[in-house]
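In: Fold the following.
(chains A and B)
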Protein chains: 2
Amino acid sequence: MSVDDWRRKIDEIDRRLVELLNERSRCVVEIGRIKRVTGEALYQPDREKQVLDAVVEENPGPLPDAAIRRLFERILDEARSVERAVMHHGDGKKEG
Amino acid sequence: MSVDDWRRKIDEIDRRLVELLNERSRCVVEIGRIKRVTGEALYQPDREKQVLDAVVEENPGPLPDAAIRRLFERILDEARSVERAVMHHGDGKKEG
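Out: Have a look, this model is predicted:
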């Protein structure tokens, strides 16, 4: 396979990543809606630790564990922003 | 659905994300091996721009486009590290 063939494969993977990241985000919106009603805290460090431990545990490589951790720290950052938007405005609409 | 139900759904999505990120990384390893032989440059800003433009274009939300861009900037950072490791050591082995 040529560099272009591998890149086409990467483009497909990226499309699935975009879908999954948005699917994850929709779950976060739902959790934000529930927390809005129950008054539960937005930031739950125990849950974030659990997420990070789980993804590192499941990581088969070749990505180093530290890379997976950094990637999911960013994913959790973005999730917190989505949840904050929902708790303040009631929706998790795409803002641009 | 309760917060716990949504979290279980997120855990499943995270497992698929870990798989896809590693699958992406395996493609990057292959590209690194080819570039090692051909002497092609590691950092190709045009290709990175193309990746970022494509994922933002495909983003249906609710994640904001800026969030998708930040996430993929991180993914590209990690890809560059993997490719660098391959070009210097000939493999993309998990380093911890």
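In: Now do the one helix or strand A:Val18 maps to and helix B:3-38, the angle between them.
Out: Assigned by DSSP states H and E, A:Val18 belongs to helix A:3-38. For helix A:3-38 against helix B:3-38, the angle between stretch directions is 160 degrees (axes from the mean of the first three to the mean of the last three CA atoms, to 10 degrees).
In: Not counting residues beside it along the chain, what's closest to the residue nearest the centre of chain A?
Out: Ranked by distance to the mean C-alpha position of chain A (CA atoms, centre = their mean), the top residue is A:Ile75 at 3.8 Å. Spatially, and ignoring its direct neighbours in sequence, A:Ile75 is nearest to B:Leu71 (6.7 Å; CB to CB, 6 or more residues apart in numbering or on different chains). Glycine gets a C-beta too; all of them are placed from N, C-alpha and C.
In: and the one you found, what element?
Out: Assigned by DSSP H and E, B:Leu71 belongs to helix B:65-89.
In: what does A:Leu42 give?
Out: Assigned by DSSP H and E, A:Leu42 falls outside every helix and strand.
In: Next, find the distance separating it from A:Gly32.
Out: For A:Leu42, the distance to A:Gly32 equals 8 Å [CB to CB, to the nearest Å].
In: which residues touch A:Cys27?
Out: A:Cys27 sits next to B:6-7, B:9-10, B:13 when contact means CB atoms under 8 Å, 6 or more residues apart in numbering or on different chains.
In: For burial, what's the neighbour tally of the closest residue to A:Arg16 other than its chain neighbours?
Out: With CB to CB, 6+ apart as the criterion, A:Arg16 has its nearest non-adjacent residue at 5.8 Å, and that residue is B:Leu20. By other CB atoms under 10 Å in any protein chain shown, the residues close to B:Leu20 number 17.
In: ok, now A:His88?
Out: A count of neighbours around A:His88, defined by other CB under 10 Å, yields 11.
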